[in-house]
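>>> Take a look and give me a structure for this.
(chains A and B)
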Amino acid sequence: MTTSVSDDAALVRVRGLKFSHGPRVIYDGVDIDIPRGKVTAVMGPSGTGKTTLLRIIGGQWQPAAGTVEFDGVNVHTLRRKALYELRKRMGMLFQNGALLTDLSVFENVAFPMREHTDLPESMIRDLVLMKLEAVGLRGARDLFPSQLSGGMSRRVGLARAIALDPDLVMFDEPFTGQDPISMGVLMRLIRSLNDALGLTSIVVSHDVEEVLSISDYAYVIASGKVLASGTPDSIRNSDSPYVQQFLRGEPDGPVAFHYKAAAYADDLMNKGKKA
Amino acid sequence: MSIITDMLQGLGRAQFFLLSIIGAIPSALLRPRLLIQQLYTVGVMSLIIIVISGSFVGMVLALQGYRTLVDFGAAESLGVFVAVVIVRELGPVVTALLFAGRAGSALAAEIGLMKATDQLSGMEMMAVDPIKRVIAPRFVAGLIAMPLLSMIFAMMAIGIAGGHAIGVNLLGVDDGAYWSQIHSSLHWEDVRDSLVKSAVFGAAVSWIAVYQGYHAAPTSEGVSRATTSTVVVSSLAILALDFILTAFMFH
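Numbering: from 1, shown residues only, chains lettered A, B, ... in the order given. Predicted coordinates for the structure are as follows:
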């Protein structure tokens, strides 16, 4: 696998990352580079810790070993205050939008501006309307999160994630459970906002075709390792049987259909006995 | 064995949590709008249940007290009986129990759901400290609301609709005797102790509620467990603290 990204171009650099949830090893020495100005896809089956990666990059969780650098700064050695300053340069779109349910759409997008800036009300209004216009929801500004569909919530979440014009936007499973139209809208938004605003995007997903079609670079992660990385085309043509099973969605292969168990016949013959 | 270690672990975590809340209180006080919002949901929204319960507790006390006192020809002392029982004990304790059921459970459920829907980690990722923005205002609001609610409870129970309505208007205790005996027997220290008790209960209930909500498992089961344990743990804490405080205030 050739890496087309030079180190200088990486906004986020993960080296030797190890992380476990209790006894379960999530990452066992992983190197990941997120190239600046590009859309990078991180793919893998459910439960491989794709979301965990975003939380580690955001500094919410501490890795057991390894380093995560954001723009040359090691995220996990920062003190709380510096970490919060750094997070103003990151936006994150959670799986369900994570909108504040007691605030309207307008106030949700205004929230980071009100918290972190002293801008006058008229300017906040203009900025919020611009962000909402970018995601096509300017007309929905007075609605509350409970009145939005799943796709609209995510678009508002996206408007909020870009509210402070961050360098990096992280998308956590943006396509899960979306109808084709809403999926198309989100795909176009991720790509066009990334290019128009000069962002760097990380898209975590297991919707393989969709995410490969909008990304410049992709990683496939499973069982704590990076299995493949490269441009979408090189991923598609990967000769790893695991990657091929994942891309084609084959039910059996390197990832077995059956959960680890004793031999079927033995299990049936041992009727009544505790295995 | 594991029950004890679990309990100690939880207690330790809860104390560190309390320390971080206390650290966040100054910045919560700097944003009075958030605080007033929470005072409304925690305090004003609890008013109905406090007012009604206060009236009924006062009425029952007057009926029971009258039956006993009248045998000794001391029916005039009904006011003192009701006032002392309410101000010293029942006011703070019953208010706190109702507060735990009404406001504490709502706090725990709200915070637990905010956690389950990623709103809290969303705030963290927006570089907004949820302890400062969400937890501290709710904690301070509970601390302020409890003594006020307990005083309103006592007012309803002794005067407006409780003991006075039953004792004076129904059973015919002399109005002047009712009030003057309260005036001469109830001391400033009693009111002060009552306020201290309700402030301590308010702190305990709010602490337990925000802790349970903030540390709830992010599932529907976790949120329901958080609300249940808020009410159970709060009630036990209120009764135990009441014993300790009464023992210290006893002369």
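>>> alpha carbons only for contacts and neighbour counts from here, please
Fine.
>>> residues in contact with the residue lying closest to B:Lys132 once chain neighbours are set aside?
Excluding its sequence neighbours, the residue lying closest to B:Lys132 (Cα to Cα, 6 or more residues apart in numbering or on different chains) is B:Ala24, at 5.2 Å. Shown in contact with B:Ala24 (Cα atoms under 8 Å, 6 or more residues apart in numbering or on different chains): B:131-132, B:136.
>>> Kindly report the same for A:Gln62.
Counted by Cα under 8 Å, 6+ apart, A:Gln62 has contacts A:56, A:76.
>>> and what of A:Leu197?
Counted by Cα under 8 Å, 6+ apart, A:Leu197 has contacts A:Asp165.
>>> Tell me the pLDDT of it.
pLDDT recorded at A:Leu197 is 88.
>>> picking that back up, state the distance from the residue nearest to B:Lys132 to A:Ser215.
41 Å (Cα to Cα, to the nearest Å).
>>> pLDDT wise, what is residue 89 at?
All of this is about chain A. A:Arg89 is given a pLDDT of 90.
>>> that answer is for a different chain, and I need it for chain B
90.
>>> For the closest residue to it other than its chain neighbours, report the pLDDT, please.
Leaving out its chain neighbours, the residue that sits closest to B:Glu89 by Cα to Cα, 6+ apart is B:Ser194, at 7.5 Å. B:Ser194 carries a pLDDT value of 93.
>>> Low-confidence ranges, the stretch 101-250 of chain B, go.
Applying pLDDT under 70 to the stretch 101-250 of chain B flags no residue at all.
>>> Enumerate the residues of it near chain A.
Applying Cα under 8 Å from any Cα of the partner chain, we find that the stretch 101-250 of chain B lies next to chain A at B:114, B:117-119, B:122, B:124-128.
>>> Pretty sure A:Leu129 sits against A:Gly136.
No. The pair A:Leu129 / A:Gly136 is not scored as a contact, 9.9 Å apart, by Cα atoms under 8 Å.
>>> now the residue nearest in space to the middle of chain B, what's its secondary structure?
Nearest to the mean C-alpha position of chain B, by Cα atoms, centre = their mean, lies B:Ala96 at 2.7 Å. Recorded secondary structure, B:Ala96: helix (DSSP: H, G, I helix; E, B strand; the rest coil).
>>> Who are the contact partners of it?
Contacts of B:Ala96 (Cα under 8 Å, 6+ apart): B:146, B:150, B:198, B:201-202, B:205, B:238.
>>> How about B:Phe81?
So, once contact is read as Cα under 8 Å, 6+ apart, B:Phe81 ends up touching B:Gly65.
>>> Assign a three-state SS to it, would you?
Classification of B:Phe81 using three-state DSSP returns helix.
>>> Please apply the same query to A:Gly37.
Three-state call for A:Gly37 (three-state DSSP): coil.
>>> check contacts around it.
For A:Gly37, the contacting residues are A:194-195, A:198-201, by Cα under 8 Å, 6+ apart.
>>> go again using 6 Å as the cut-off
By Cα atoms under 6 Å, 6 or more residues apart in numbering or on different chains, the contact list for A:Gly37 reads A:198-200.
>>> which ones among those are found in strands?
A:Thr200 (DSSP state E).
>>> Name the next helix or strand following the helix or strand hosting A:Val156 along the chain.
Using DSSP states H and E, A:Val156 maps to helix A:150-161. Using DSSP H and E, the helix or strand that directly follows helix A:150-161 along the chain is strand A:168-172.
>>> what about the closest residue to A:Phe70 other than its chain neighbours, distance to A:Ile57?
Nearest non-adjacent residue to A:Phe70, counting by Cα to Cα, 6+ apart: A:Val12, 4.6 Å away. Distance of A:Val12 to A:Ile57, computed by Cα to Cα: 8 Å.
>>> rewinding a little: and the furthest pair within the residues of the stretch 101-250 of chain B next to chain A?
The two members of those with the most space between them (Cα to Cα) are B:Thr117 and B:Ala127, at 17.6 Å.
>>> okay, these two: which has more neighbours?
B:Ala127 (24 against 21; other Cα atoms under 10 Å in any protein chain shown).
>>> Per-residue pLDDT of A:Asp8, please?
58.
>>> That should have said A:Phe70, apologies.
Confidence for A:Phe70, expressed as pLDDT, is 89.
>>> Looking at A:Leu129 and A:Gly136, which one has more neighbours?
A:Leu129 (20 against 17).
>>> Please name the nearest non-neighbouring residue to that one.
Per Cα to Cα, 6+ apart, closest to A:Leu129 is A:Arg138, 6.0 Å.
>>> same check, this time on A:Arg154
Leaving aside its chain neighbours, A:Arg154 sits nearest to A:Gly97 (4.5 Å; criterion: Cα to Cα, 6+ apart).
>>> near chain B, which residues of chain A show up?
A:84, A:87-88, A:98 (Cα under 6 Å from any Cα of the partner chain).
>>> now, which of the residues you listed sits nearest A:Arg24?
Out of the residues of chain A next to chain B, the member with the shortest distance to A:Arg24 (by Cα to Cα) is A:Ala98, at 26.7 Å.
>>> so the closest one touches B:Asp118, yeah?
Yes. At 5.2 Å, A:Ala98 and B:Asp118 qualify as touching, with contact defined as Cα atoms under 6 Å.
>>> and B:Phe72, how many residues sit next to it?
Neighbour tally, B:Phe72, other Cα under 10 Å: 8.
>>> What are the phi and psi values at it?
The phi and psi values for B:Phe72, taken as degrees, to the nearest 10, are phi -100, psi 10.
>>> What separation is there between it and B:Asn169?
Counting by Cα to Cα - B:Phe72 and B:Asn169 are separated by 21 Å.
>>> Go through the chain and flag its longest helix.
No chain in the question, so chain A it is. Ranked by residue count, the top helix of chain A under DSSP state H comes out as helix A:180-197.
>>> oops, chain B please
helix B:220-249.
>>> So A:Thr101 lies in a strand, does it not?
No. Read with three-state DSSP, A:Thr101 is coil and lies in no strand.
>>> Name all residues that make contact with it.
With Cα under 6 Å, 6+ apart, A:Thr101 has these contacts: A:Pro145.
>>> now A:Phe144
A:104-105.
>>> Could you do B:Thr230 as well?
Counted by Cα under 6 Å, 6+ apart, B:Thr230 has contacts B:Ala209.
>>> how much space between it and A:Asp267?
45 Å.
>>> And for the residue nearest to A:Leu129, the neighbour number?
By other Cα under 10 Å, neighbour count at A:Arg138 equals 17.
>>> my guess is it contacts A:Lys131, does it?
No. A:Arg138 is not in contact with A:Lys131 according to Cα under 6 Å; the separation is 8.2 Å.
>>> Just to be sure, A:Ala262 is in a helix?
No. Counting by three-state DSSP, A:Ala262 is located in no helix; its state is coil.
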